[in-house]
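Asks: structure of the sequence below:
(one chain, ligands or ions: 1)
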Amino acid sequence: MFRAATVRLTLLYLGIIAVICLFFSVNLYRLSMRELNSSVSRQENFLRSAPRLRGLVDWNDLRSSRQSQLEEGRQRIIAGLINVNAIFIMLGGVGSYFLARRTIRPIQQAHDAQSNFAADASHALRTPLATMRAEIEVALRDKNLSLAEARELLKSNLEELTKLTSLSEGLLRLTKTDGEEKIWQETVSLGPVIEKAIERVRPLADQKKITVTTHLPNNFTTRGDAVSLVELFFTLIDNAVKYSPDGRPVNITVTGTGKSWEISITDHGLGIGADEIPHIFERFYRAKSSKSNGKVEGYGLGLAVARNIARLHRGDVTARSCPGKGSTFVVVLPKE
Ligand code: ADP
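Replies: Predicted structure coming up:
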């Protein structure tokens, strides 16, 4: 599909180059012929006006030599123009092909990303749906299904439905935060934003006996959308708790450098391998350590959404980690 588009675009560029060449060639030909005509006429006039040559020159010979001079000149001009045009068309063909490839490349990349996203999303949706289907089919075939077993089946289906709901919410958030969309701009006090995010993580943190400590400065503000920022910090603090063994603390520290804030969320959990760090912000990417640790559920969408939110605020999120020792996620946001 993209190869055909590249060829079509190359031909289009080449067509444009050919039209430009033709335009210049026609005009160049006209100019050159006019110049040639006037130079031959000047010669003839000079000979006619010289009194010493009268009687010595055969005017018929002169006319026919003038004709052949003109014809020779015309052929030379045409040959020259053909050569120059051939070189231009050849160079233009190569240039057009590279230009067409450059034009098509970003469209192809966007298309590939879209298809990968659709493939990943359907793969993630298929697993819970297949589990539910298999469980229901087995239950329907069982003629002696007891009430307790039916309740167990419904409980398991409900768990799968909860996973599907969280997946669809993640996908929705991703599409909402993806791209150049403008966000709501207001002065946001980041202290309460982080407190709200911690409150949302509290049930899991309490369950795992993990304390989340904060050291927040004064005048800790940025411009943007408070709801999205709560989402951003919730994702990072939730991950810090999710991927830590019970009882390991999570610390949130803030430093103000120049025109921006650096908010670091540090845990003492699983950590992430250096080779995986560049990928963890990609959609649907889950590190090997967390995939093998089946207890921690997720779809690999949280960090992609978090980075989108930070970038919409003209900031960013980066990570550094030491496997087995812990990770630090740093959010950079502009000061108001
Ligand atoms: P999810 O947590 O739903 O899998 P995320 O996009 O939030 O998706 O995270 C992507 C992956 O990055 C996780 O699956 C996990 O492997 C890794 N990760 C994120 N945060 C941490 C952390 N604090 N400690 C260890 N691994 C982490």
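Asks: which one is Gly326 nearest to, not counting chain neighbours?
Replies: Nearest non-adjacent residue to Gly326, counting by C-beta to C-beta, 6 or more residues apart in numbering: His268, 4.1 Å away. The C-beta positions use only the backbone N, C-alpha and C, and glycine is treated the same way.
Asks: is it correct that that neighbour is in contact with Pro249?
Replies: Yes. Assessed by C-beta atoms under 8 Å, His268 is found in contact with Pro249 at 6.8 Å.
Asks: more neighbours: which of these two?
Replies: Under the neighbour definition other C-beta atoms under 10 Å, His268 and Pro249 were set side by side, and His268 has more, 19 against 15.
Asks: which SS class is that one?
Replies: Here His268 is coil, with the state taken from DSSP: H, G, I helix; E, B strand; the rest coil.
Asks: what's it sitting at in phi/psi?
Replies: phi -120, psi 50 (degrees, to the nearest 10).
Asks: again, but for Ser264
Replies: phi -110, psi 130.
Asks: what pairs with it across the strands?
Replies: Legend: beta-bridge partners of Ser264 under DSSP bridges are Thr253, Val330.
Asks: so what's the residue count around the residue of the stretch 51-200 of the chain found nearest the ligand?
Replies: Proximity of the stretch 51-200 of the chain to the ligand (C-beta to the nearest ligand atom) peaks at Gly170, 7.6 Å away. Per other C-beta under 10 Å, the neighbour tally for Gly170 reads 22.
Asks: try Glu169
Replies: 11.
Asks: from Lys209, how far out is it?
Replies: 28 Å (C-beta to C-beta, to the nearest Å).
Asks: same deal with Met1?
Replies: 55 Å.
Asks: again, but for Lys155
Replies: Relative to Lys209, Lys155 is positioned 27 Å away (C-beta to C-beta).
Asks: ok, the residue of the chain found nearest the ligand - contacts?
Replies: Closest approach between the chain and the ligand, counting by C-beta to the nearest ligand atom: Gly298, at 2.2 Å. By C-beta atoms under 8 Å, 6 or more residues apart in numbering, Gly298 lies in contact with 242, 286, 290.
Asks: can I get the residues you listed in TSV including secondary structure and distance to Asn144?
Replies: Shown next, in TSV, are the contacts of Gly298 (DSSP: H, G, I helix; E, B strand; the rest coil; distance: C-beta to C-beta, whole Å):
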residue	secondary structure	distance to Asn144
Lys242	helix	40
Arg286	coil	40
Ser290	helix	40
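Asks: so which of those residues reach the ligand?
Replies: 286, 290 (C-beta under 6 Å from any ligand atom).
Asks: now render the contacts of Gly298 as TSV, adding neighbour count, distance to Val19 and pLDDT.
Replies: Formatted as TSV, these follow (neighbours: other C-beta atoms under 10 Å; distance: C-beta to C-beta, whole Å; pLDDT from 0 to 100):
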residue	neighbour count	distance to Val19	pLDDT
Lys242	22	62	94
Arg286	18	54	89
Ser290	21	59	70
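Asks: any part of stretch 190-203 near the ligand?
Replies: No. Contact of stretch 190-203 with the ligand (C-beta under 6 Å from any ligand atom) is absent, the minimum separation being 12.0 Å.
Asks: interface residues of the chain facing the ligand?
Replies: Counting by C-beta under 6 Å from any ligand atom, the chain sits next to the ligand at 235, 239-240, 243, 267, 269-272, 280, 285-287, 290, 298-304, 327.
Asks: swap in 5 Å and give it another go.
Replies: Within reach of the ligand by C-beta under 5 Å from any ligand atom, the chain has these residues: 239-240, 243, 269-270, 272, 280, 286-287, 290, 298, 300, 302-303, 327.
Asks: and Lys335, what does it touch?
Replies: 221-222, 256, 259-261.
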